[in-house]
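Visitor: got a sequence here, can you model it:
(2 chains)
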Amino acid sequence: MTLKHVFLAALATLAAVTLTAAGPGSGTITGKITYDGTPAKQKPIDMSKEPSCASQHPTPITTETVVTGPGNTLENVVVYISAGAPDEAAPSAPVNFDQKGCQYVPHMLAFQTNQELKISNDDQTSHNIHPLAKINQEWNKSQPPGTPPIIAKYDKAEMIHVKCNIHPWMSGTFAVLKNSHYSVSDKDGNFKLPNLPPGKYTITAWHEPDQEMTQDVEISGSETKTVSFVFKLKPY
Amino acid sequence: MRKINISKLFVVIAILLATPLLGSAQDESHIGKVTGNEGRGRQFYFRYCWGCHGFRGNGDGENAPYLNILPRNFVAASFKCRSTPTGTLPTDEDLFNSIRRGFVNTNMPSWITLTDQNRADLIAFIKSFSPRWKTEKAGTPINVPAETPLTVQSIQHGQQLFQKLECWKCHGQEGRGDGPSASTLTDSNDQPIRPYNFAAGSRFKCGTTNHDLYKIFMTGLDGTPMPSFADVIKPEEAWDLVHYLRTLQIRHNSPELALWLTTKEGAAIVSAQRVSGTPTGSGVNQ
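Guide: Below is the predicted model:
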């Protein structure tokens, strides 16, 4: 019993030390996401059944399951700290998820557990927002044009595929994460995780539908470490 | 004498062994005054249900590959027919009604041969498959206000809502389940799924009454493409939509259809929907 108490006290002290040390640090992890192999060919989207959306796209658009840039860079990869950083309370600012031209903007949306998610419909047509959650509870709501935004929250970390059943080409991802240290790679494949206190971290890079890579990085003081991920892509 | 004593001893031992099992560790279900017991439900499950719903309750029973609407996966704990809002667990009573009613257009029969107690026991057991029942409470049933009077205006307003909310995108302009998006629909397991065809029958997936129909579109059918309209339809408008949807059931004699047929507009629409002649096209009026 006493041994257990001592152990618990030690644990509490450790936790307190970690918490006090977890203020905004000055370490930074940056890097580039690239790919190897052949990315799946993106298919053109036929929106002729939804003229109000089709007219918003003078040049035909394609699916976005793999978005690449010059120099084999890969967009829409969510990079986050999966181990080494404490869980954080959600920021008060909501994140926005828009339906515009029968597409999701952004295609990949990262946010924190219990953070407010604001879903808006900018189109002249009804959408149904159907996030196919497996760990969190799945729901499915209709949002006709001109109706107020849908406010939602997720309390467990999960990568959730989002779709609209009325417009089967609409596809997106909610990356629900436990802390604020995350980044989504831009069109040049770049990502940046600033304000890291010293420590050992496990960095995870995730690409839809379920490709994941991890690397361990140690930050000591105000340094900038460069980490790169190379995803192996298959055409099918 | 000696024989009787031994059998009595066995009974005593059996009761002693069973007592801890019947205690706190087991789940219960509550439907009205009936309390269901997990242990008894387990016996019924492995007699009647596991052939389709599977040994672990995940819907992969021996018969599952032969069914084209797959058996419910109790581990995922996502249920179509609820009185509770989308994204919440159903009440015990919702599950009880599903077992009693069965599911139209699927292989799930109506289990009217079981007693209320049997069904309550089954629900207590079914809830043991998902940890969700331990960590979450069932949702609060949505408020269904008293039905508004049936009038031609209410049917016409329902008809406008059907257009405005774009129900026809999946269900089709005549409610036959043949809208422009119908052929692309999949459920949450990526299985093809068809929207409800109002013209084909009178029963809905989650019941037969106007009250059931109200709940279907206000709660959504979780796990399917059918969303919840609770945030976008006012309660009185919802009854208008119910009245209109009934007129799409052209093979079901409802008060709504009868009233609709008395109007010139309604009669024209319904007669255009009714197929005249035989399926082979010989021109004989039905």
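
Visitor: give me the residue at the spatial middle of chain B.
Guide: In chain B, the residue lying closest to the centroid (Cα atoms, centre = their mean) is residue B:206, at 3.1 Å.

Visitor: measure the closest residue to it other than its chain neighbours to residue A:83 for me?
Guide: Sequence neighbours aside, residue B:81 is the residue nearest to residue B:206 in space, at 3.7 Å (criterion: Cβ to Cβ, 6 or more residues apart in numbering or on different chains). Heads up, the C-betas are built off the backbone N, CA and C, glycines and all. Distance, residue B:81 to residue A:83, using Cβ to Cβ, to the nearest Å: 41 Å.

Visitor: more crowded one of the two?
Guide: Between residue B:81 and residue A:83, counted using other Cβ atoms under 10 Å in any protein chain shown, residue B:81 has the larger neighbour count: 21 against 11.

Visitor: domain map for the chain?
Guide: In the absence of a named chain, this looks at chain A. Domain assignment for chain A by automatic domain parsing gives A:25-85+A:182-236, A:88-180.

Visitor: that's the wrong chain, I meant chain B
Guide: B:25-135, B:152-273.

Visitor: follow-up on the earlier one: the residue nearest to residue B:206 reaches residue B:213, doesn't it?
Guide: No: under the criterion of Cβ atoms under 8 Å, residue B:81 is not in contact with residue B:213, lying 11.8 Å apart.

Visitor: who touches both of those two?
Guide: When contacts are counted by Cβ atoms under 8 Å, 6 or more residues apart in numbering or on different chains, residue B:81 and residue B:213 have residue B:207 as shared neighbours.

Visitor: on that earlier part again, what would the domains of chain A look like in TSV with distance to chain B and mean pLDDT?
Guide: Below are these laid out as TSV (distance: least, Cβ to the nearest Cβ, whole Å; pLDDT from 0 to 100):
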stretch	distance to chain B	mean pLDDT
domain A:25-85+A:182-236	5	90
domain A:88-180	3	93
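
Visitor: mind putting those in TSV, distance to residue B:114 included?
Guide: Converted to TSV, the domains of chain A look like this (distance: least, Cβ to Cβ, whole Å):
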stretch	distance to residue B:114
domain A:25-85+A:182-236	41
domain A:88-180	29
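
Visitor: SS state for residue B:261?
Guide: Look at residue B:261: counting by DSSP: H, G, I helix; E, B strand; the rest coil, its state is helix.

Visitor: okay, now it: neighbour count?
Guide: There are 15 residues near residue B:261, going by other Cβ under 10 Å.

Visitor: and the pLDDT for residue B:23?
Guide: As predicted, residue B:23 sits at a pLDDT of 41.

Visitor: please apply the same query to residue B:70.
Guide: 89.

Visitor: contacts only, for residue 109.
Guide: In the absence of a named chain, chain A is used. By Cβ under 8 Å, 6+ apart, residue A:109 lies in contact with A:95, A:97, A:117, A:172, A:173, A:174, A:175.

Visitor: if you could check chain B rather than the one you did, that'd help
Guide: Contacts of residue B:109 (Cβ under 8 Å, 6+ apart): residue B:102.

Visitor: so it belongs to a strand, correct?
Guide: No: with three-state DSSP as the criterion, residue B:109 is located in coil rather than a strand.

Visitor: quick check: the gap between it and chain A.
Guide: 26 Å (Cβ to the nearest Cβ, to the nearest Å).

Visitor: who in the stretch 151-286 of chain B is up against chain A?
Guide: B:164-166, B:169-170, B:180-181, B:184-186, B:188, B:220, B:222-232 (Cβ under 8 Å from any Cβ of the partner chain).

Visitor: mind checking the SS state of residue A:96?
Guide: Quick answer, by three-state DSSP: residue A:96 is strand.

Visitor: helix, strand, or coil at residue A:35?
Guide: Applying three-state DSSP: residue A:35 is strand.

Visitor: so it makes contact with residue A:229?
Guide: No: applying Cβ under 8 Å, one finds residue A:35 not in contact with residue A:229, separated by 9.2 Å.
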